[in-house]
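*Asks:* Dropping a prediction and its sequence here:
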Amino acid sequence: MSTAMQRPARSEWTPPAGWFLLAIGFWLIFLAWVRPLTLPDEGRYAGVAWDMLRSGSHAVPLLDGMPYFHKPPLYYWMTELSFTLFGVHPWAARVPSLLASWAAIAALYAFVRRYRDATSASITALVLATLPFFYGGSQFANLDMLVAGLITLCVLAAADTVLRAERGQAYRWMSLAAAALAGLAVLAKGLIGLVLPGAILFIWLVWSRRWRGLAALVWPPALLVFAVVAVPWFVLMQIRYPGFYDYFFVYQHFQRFAEGGFNNAQPFWFYLPVVVGLALPWSLWGGGILRKAFWAEGPQRDLRRLALVWFVVVVGFFSLPSSKLVGYVLPALPALAFLLAEVIVAAWRQKGDTLAPRLVRICVGVGAGICVLAIGIAAHSARGSAGPLAAVIRPLAQPGDTYVSLHTYPFDLALYAQAPQPSWVVDDWLNPDVPVRDNWRKELYDAAKFEPQIGKQVLISQQEFDARLCAAPQGSRYWVWGTSSDGGNYRALQGLQPVATSVKYVIWQVVTDAAFKQRVCGEMPKAGS
């Protein structure tokens, strides 16, 4: 395969690399502040990071003060740092996703520029940056874009290692980088950080018979770097919490992948229309990928094969389990952007500076318009957010106040209110359905297994709630989150006017003064009895 950079024709598009990537970075970030955290995912993951920051528990992810081992800690670490640098804001929780998406675009640009040319690199980066699917992932505060970005960086670094080794160039530093990136991908979302890039690269290497490249990737120092980055946190958690391995690897990885009792069950073909629809208008160029001539012999074929394997492995892997979420296939989008750019550049060069450039400008405008419109819609339809209610009570709150939520868990309340302590969650925790159904109750129930004493403090029944209020020192203050119907169902709330209300939720302030004791307590049993 020839890797020499082609001299671009006059009609080709070669913007200055630095300014081009800077403009893409601005494009990715400039709308990150306009909408509140989306529930449950953004509220959950940003809330875990806030819980770690407020408690100083930087090693152990926390959900309402209890160990939360659904995912590894890299996103939480990065969000903690972002909160520390920029303050506790929704946009600060999106910084890890924004950095990951920009890094993926920049790395893809550099790789394509090295092994294609500047025009191909620019078109590839432009396609990826204006794919509504990719842009939405970059604006979302969860783990999907972070692991997608790291998988992209890992695959590109590993492919560069292979191509450098074939050309007799220095490759070992790039091999070490690929190993470190695989380790970080594991810290971002678990075993898929190794399984996906490993499967992509192995199939590509075997298909193209690049045995020297395989040896370069499994170089022992690179394997050591991977272990040093990826392994220590998992060992530490198992030492501290002996059931961690079983819960994290067996239950959260293998059982969730193989079994069908989890949320978001979808058919096998679910991701194909999702990718095509959310990649509009660029996906309209996809017909060129299906042409036989696109895969003909030539210097372009090897990288196209890599991108094809990359896309098929990611989409195929996540199509196997019945539980599917849209963001899972974000790692496939850089490969799709490269393949689409190959079609676009070929048309550009064949037809000259007429139709193809005009269509590219139209696609950029339409794609960017869809991105902005989607963010605008999300900003004006965020129901259930704790932000508006927290804005009312935060100036009134005092450091010793206790937050209570009734028969629900508002993932974002502690973050928006910057609550100093875990909330009490009032529900029927002895109900046998709690540890079975895949919802917020099960997340809290599972977390309490790792710290039972904390679980007893924060997961309480209605009777325990009443008893604690009546046993509390006079003048204790509580902020109670619930729905309007709770005012008549909980003794402590009867006769109280809400402090703040929204379409769905209500917040009351309960103060255990003499009037409260006389009105509510009477002969109430003591807390814990």
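*Replies:* On my side now, so go ahead.

*Asks:* what's the closest non-adjacent residue to residue 59?
*Replies:* Once flanking residues are discounted, residue 59 sits nearest to residue 236: 6.6 Å by CB to CB, 6 or more residues apart in numbering. (C-beta placed from N, C-alpha, C; glycine too.)

*Asks:* Need the contact partners of the helix or strand hosting that neighbour.
*Replies:* Residue 236 belongs to helix 220-240 when elements are defined using DSSP states H and E. Applying CB atoms under 8 Å, 6 or more residues apart in numbering, the external contacts of helix 220-240 come out as 59-60, 69, 72-73, 172, 175-176, 178-180, 182-184, 186-187, 193-194, 244-245, 248.

*Asks:* Is it possible to mark the buried ones in those residues?
*Replies:* Taking 16 or more other CB atoms under 10 Å as the criterion, what is buried in the contacts of helix 220-240 is 60, 69, 72-73, 175-176, 178-180, 182-184, 186-187, 193-194, 244, 248.

*Asks:* Any stretches of the protein with poor pLDDT?
*Replies:* 1-11, 258-263, 351-353, 432, 434-436, 523-529 (pLDDT under 70).

*Asks:* one step back: and for the residue nearest to residue 59, the neighbour number?
*Replies:* Neighbour count of residue 236, defined by other CB atoms under 10 Å: 13.

*Asks:* May I have the residues that are in contact with the nearest residue to residue 286 once chain neighbours are set aside?
*Replies:* Spatial nearest neighbour of residue 286, excluding adjacent residues (CB to CB, 6+ apart): residue 340 at 6.6 Å. The contact partners of residue 340, by CB under 8 Å, 6+ apart, come to 127, 282-283, 285-286, 289.

*Asks:* Out of these, who's the most crowded?
*Replies:* Neighbour counts for the contacts of residue 340, by other CB under 10 Å, peak at residue 127, which reaches 28 neighbours.

*Asks:* which residues are in contact with the strand or helix carrying that one?
*Replies:* For residue 127, the enclosing helix or strand under DSSP H and E is helix 118-129. Identification of contacts with helix 118-129 by CB under 8 Å, 6+ apart yields 5, 8, 12-15, 17, 20-21, 24, 27-28, 104-106, 108-113, 134-135, 282, 333-334, 337-338, 340-342, 344-345, 348, 360, 363-364.

*Asks:* distance of residue 448 from residue 15?
*Replies:* To residue 15, residue 448 is 54 Å away according to CB to CB, to the nearest Å.

*Asks:* Between these two, which is the more surrounded one?
*Replies:* Taking other CB under 10 Å, residue 448 and residue 15 do not tie; residue 448 has more neighbours (22 against 15).

*Asks:* Please verify my assumption that that one contacts residue 459.
*Replies:* Yes. Using CB atoms under 8 Å, residue 448 is in contact with residue 459, at 5.8 Å.

*Asks:* Next up, the contacts around the closest residue to residue 138 other than its chain neighbours.
*Replies:* In space, and not counting its chain neighbours, residue 138 is closest to residue 101: 3.4 Å by CB to CB, 6+ apart. Residues counted as contacts of residue 101 (CB under 8 Å, 6+ apart) are 28, 134-135, 137-138, 145, 148-149.

*Asks:* Work out for me the element residue 101 sits within.
*Replies:* Counting by DSSP H and E, the element that carries residue 101 is helix 95-115.

*Asks:* which residues touch residue 76?
*Replies:* Neighbouring residues of residue 76 by CB under 8 Å, 6+ apart: 45, 48-49, 52, 61.

*Asks:* before we move on, the earlier item: now find how far off-centre whichever helix or strand comes after the helix holding residue 236 is within its chain.
*Replies:* The first helix or strand that comes after helix 220-240 along the chain, using DSSP H and E, is helix 244-245. Averaging C-alpha positions (CA atoms, centre = their mean, to the nearest Å) puts helix 244-245 22 Å from its chain's average.

*Asks:* again with stretch 372-387
*Replies:* With CA atoms, centre = their mean, you get 18 Å for stretch 372-387.

*Asks:* ok, and what's touching it?
*Replies:* Contacts for stretch 372-387 (CB under 8 Å, 6+ apart): 31, 34-39, 43, 90, 132, 136, 139, 410, 412-413, 415-417, 481, 503-505.

*Asks:* And for stretch 441-448?
*Replies:* 44, 63-64, 66-70, 247, 409, 425, 427, 429, 434-436, 454-456, 458-459.

*Asks:* Now intersect the contacts of residue 340 with the strands, please.
*Replies:* Among the contacts of residue 340, no residue falls in strands (DSSP state E).

*Asks:* Those residues into CSV, with extra columns for distance to residue 442?
*Replies:* As requested, the contacts of residue 340 are exported to CSV (distance: CB to CB, whole Å):
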residue, distance to residue 442
127, 40
282, 39
283, 37
285, 43
286, 40
289, 42
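
*Asks:* Closest one to residue 166 out of these, please.
*Replies:* Residue 166 lies nearest to residue 289 out of those, by CB to CB, at 25.6 Å.
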